[in-house]
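Enquirer: Attaching a predicted model along with its sequence, questions to come.
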Amino acid sequence: MSLARLVTHPLKRLGAPLLGMTLALSMAGAHAEDSTLVIRGSDGWLFPGWGSLTVVDTKAIDANTALINDARQALAARGVHLQVLLLPDKTLFYQDKLPADKALSPPVKQRYQTILGKLKQAGISTFDDAAVLSQLKNSGKDVFYRTDQHWTQPAADATAVATAEQIKRDVPNLKGNPGTGMALGSEFKERRYGDLAERFLTEEQRKATGRETFVVRRQDTTGGLLDATPAPVHVTGHSMVQPYFGFPQKLSNALDRPVSVNWKPGNIGHWTMLLEYLESADFKKNPPQVLVWQMFEPSYSYGPQASGMWDNASIMSDSAWRQRLHGALGR
């Protein structure tokens, strides 16, 4: 099955090559001349330019947390435990690489913790991934690629392990049998430009910035009879959780259970991605015990109706989103 489609089968069934995959952006229709969409920092570091470095919209954060809590309650009524995977912004870890005229305001520096606190206050399961990645960075490993908006494999792996630990705390008795997790394949290196450089810089700027080395884990092909095993855990989100970066494979390995995933480019939005999965035949046939809903700190304040952030087909009112949510869950 192509990884560019809605993917809801256990990862052992994914046979599409990972090389040459189109890496997703969080804005649609962007061109290299749209310089405001990328921040060029020092030492060739690039940052997405679509999140505010100075303003935190707490009113929108509260409204979107309420929507997420609606989903938590509706899923719980169907016997599905919701866990929100909140990924921190790249700028939080590389503030020293931002250009001299740009800096994070104190509220933005605390934005991740603000959102995390709101989620926990609402009773929504989550964990502090910023702390996980900070510990990794302090050990000397990069957590984001220099010219790309995505995380590195060590960051994806560490987050997957922390996600597995949270799942085990929340749902100690996962369905399925030990030995059904995904074996991790060997690693290979790919030298190329990151997506921010490839899509937003001119040819001259790209050459000056330079390529970088991406570490990718090959897919293990020893699934065999386990291919048909239902997945007790499903991950829904954008390109950060695509198999290319290794998160779902590592999560399956850490849980020792199959994990399924659906993702699309970031401009589709996490609101639509959840609905697509809940409205799918896969969910109706084999609902998971745990649903991991991946979100991103800079776009958390954008609700389902955020024109200009999501592609036009993904935009809907809060009430329309709630209606589809409850329709999909039979409420």
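Expert: Thanks, I have the structure now. Owing to the predicted nature of the structure, the values given are computational and were not obtained by experimental measurement. Numbering: from 1, shown residues only.

Enquirer: When you work out contacts or count neighbours from here on, use the C-alpha atoms and nothing else.
Expert: OK.

Enquirer: what about the helices in the stretch 1-150 of the chain?
Expert: Ranges of helices in the stretch 1-150 of the chain, per DSSP state H, counting those that start in this stretch, are 58-77, 106-109, 111-121, 129-138.

Enquirer: Which residues does the shortest one contact?
Expert: Residues from elsewhere that reach helix 106-109 (Cα atoms under 8 Å, 6 or more residues apart in numbering): S52, L53, T54, V55, V56, L92.

Enquirer: List only those of these flagged as buried.
Expert: Listed as buried from the contacts of helix 106-109 are L53, V56, L92; burial here means 16 or more other Cα atoms under 10 Å.

Enquirer: Go through those and name the one nearest G79.
Expert: V56 (34.3 Å; Cα to Cα).

Enquirer: residues touching the closest one, list them.
Expert: V56 touches P107, V108, R111, counting by Cα under 8 Å, 6+ apart.

Enquirer: Swap in 10 Å and give it another go.
Expert: S105, P106, P107, V108, K109, Q110, R111, T114, P298, S301 (Cα atoms under 10 Å, 6 or more residues apart in numbering).

Enquirer: Out of these, give me the one that has the most neighbours.
Expert: Most neighbours among the contacts of V56, by other Cα atoms under 10 Å: R111, with 23 neighbours.

Enquirer: What segments of the stretch 151-300 of the chain are strands?
Expert: Along the stretch 151-300 of the chain, the stretches classed as strands by DSSP state E, counting those that start in this stretch are 184-192, 212-219, 233-237, 259-263, 290-296.

Enquirer: And these, which one averages the lowest pLDDT?
Expert: Note on those: lowest mean pLDDT is at strand 212-219, with a mean of 89.

Enquirer: Report the buried residues of it.
Expert: So, applying 16+ other Cα under 10 Å, buried residues of strand 212-219: E212, F214, V215, V216, R217, R218, Q219.

Enquirer: and the fourth one, bridged to which residues?
Expert: Partner residues in beta bridges with V216: F188, with DSSP bridges as the criterion.

Enquirer: Neighbours of G117, how many?
Expert: 16.

Enquirer: give me every residue that touches it.
Expert: Contacts of G117 (Cα under 10 Å, 6+ apart): R111, G123, I124, T126, F127, D128.

Enquirer: which one of the buried residues of strand 212-219 is nearest G194?
Expert: E212 (7.2 Å).

Enquirer: now that closest one: how far from K189?
Expert: 10 Å (Cα to Cα, to the nearest Å).

Enquirer: again, but for P232
Expert: For P232 relative to K189 (Cα to Cα), the value is 32 Å.

Enquirer: Which residue ranges of the stretch 1-150 of the chain form strands?
Expert: Counting by DSSP E, counting those that start in this stretch, the strands of the stretch 1-150 of the chain are 38-40, 46-48, 81-87.

Enquirer: coming back round to it: nearest to D101, out of the strands of the stretch 151-300 of the chain?
Expert: Closest among the strands of the stretch 151-300 of the chain, using Cα to Cα: strand 290-296, at 24.6 Å.

Enquirer: In terms of secondary structure, what does the closest one contact?
Expert: Strand 290-296 sits against helix 58-77, strand 81-87, helix 153-170, strand 233-237, strand 259-263, helix 270-278, with contacts defined as 3 or more Cα pairs under 10 Å, 6 or more residues apart in numbering; DSSP states H and E.

Enquirer: unless I'm mixing things up, T163 is touching F127, no?
Expert: Yes: with contact defined as Cα atoms under 10 Å, T163 and F127 form a contacting pair (7.8 Å).

Enquirer: so what sits against both of the two?
Expert: Joint contacts of T163 and F127 (Cα under 10 Å, 6+ apart) are Q83, V84, L85.

Enquirer: low-confidence ranges in the stretch 201-331 of the chain?
Expert: Where the stretch 201-331 of the chain drops to pLDDT under 70, the residues are 221-228, 331.

Enquirer: ok, now the stretch 1-150 of the chain?
Expert: Going by pLDDT under 70, which is the cut-off in play, the stretch 1-150 of the chain has low-confidence ranges at 1-35.

Enquirer: list the contacts for the spatially most central residue of the chain?
Expert: Centroid check for the chain by Cα atoms, centre = their mean gives M240 as the closest residue, at 4.0 Å. Residues near M240 by Cα under 10 Å, 6+ apart: 23-24, 87, 149-152, 156, 246-248, 263-266, 294-296.

Enquirer: And for P88?
Expert: R111, Y112, Q113, D128, D129, A130, A131, L133, M295, F296, E297, P298.

Enquirer: Next, format the residues you listed as JSON lines and append distance to A66.
Expert: As requested, those are exported to JSON lines (distance: Cα to Cα, whole Å):
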{"residue": "R111", "distance to A66": "17"}
{"residue": "Y112", "distance to A66": "17"}
{"residue": "Q113", "distance to A66": "17"}
{"residue": "D128", "distance to A66": "20"}
{"residue": "D129", "distance to A66": "21"}
{"residue": "A130", "distance to A66": "22"}
{"residue": "A131", "distance to A66": "25"}
{"residue": "L133", "distance to A66": "27"}
{"residue": "M295", "distance to A66": "15"}
{"residue": "F296", "distance to A66": "17"}
{"residue": "E297", "distance to A66": "16"}
{"residue": "P298", "distance to A66": "18"}
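
Enquirer: All set, thanks.
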